[in-house]
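>>> Provided below are the primary sequence and the corresponding predicted coordinates.
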Amino acid sequence: MPNIKSAAKRVRITRKRTLRNASLKSALRTAIKKFNTALQSGDLNLAEQLLREAVRRIDKSVTKGILHRNAAARRKSRLTRKFQAALKAQSQKEPA
């Protein structure tokens, strides 16, 4: 327990930010999982919408300081490549 007033305030601030960060991280992971589930089910229209939502959440997590910008770029790239591969696979299955 802090004895100094400013240290007590830092504890309160840290507790509040930790809760916010945990909530935003959870929402980010949920958005990515929803995208992956839609992609595996083969619903590419839904997957495209969920990809946009996931990318939006990733970008917001960078501005909030939850993810590093390079880590965010890597995640967005991987998700987009997965989606593009699924599009390509579907277009090869269907005769033109």
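Here it is on my side, so go on. Numbers count the residues shown, from 1 in each chain.

>>> alpha carbons only for contacts and neighbour counts from here, please
Will do.

>>> Would you tell me which helix is longest in the chain?
helix 5-41 (DSSP state H).

>>> so how far is it from its chain's centroid?
10 Å (C-alpha atoms, centre = their mean, to the nearest Å).

>>> Ok, stretch 47-62 next?
6 Å.

>>> residues making contact with that stretch?
For stretch 47-62, the surrounding residues in contact (C-alpha atoms under 8 Å, 6 or more residues apart in numbering) are 24-25, 27-28, 31-32, 34-36, 38-39, 67-69, 72, 75-76, 79-80, 83.

>>> Of all the residues in that stretch, which ones are buried?
Going by neighbour count (16 or more other C-alpha atoms under 10 Å), the buried part of stretch 47-62 is 47-48, 50-51, 53-55, 57-62.

>>> what's near enough to touch residue 39?
Counted by C-alpha under 8 Å, 6+ apart, residue 39 has contacts 47, 83, 86.

>>> okay, the last one: pLDDT?
Think residue 86. For residue 86, the model assigns a pLDDT of 94.

>>> Quick check: nearest residue in space to it, chain neighbours excluded?
Among residues not flanking residue 86 along the chain, residue 39 sits closest, at 7.4 Å (C-alpha to C-alpha, 6 or more residues apart in numbering).

>>> likewise residue 2?
Spatially, and ignoring its direct neighbours in sequence, residue 2 is nearest to residue 8 (5.5 Å; C-alpha to C-alpha, 6+ apart).
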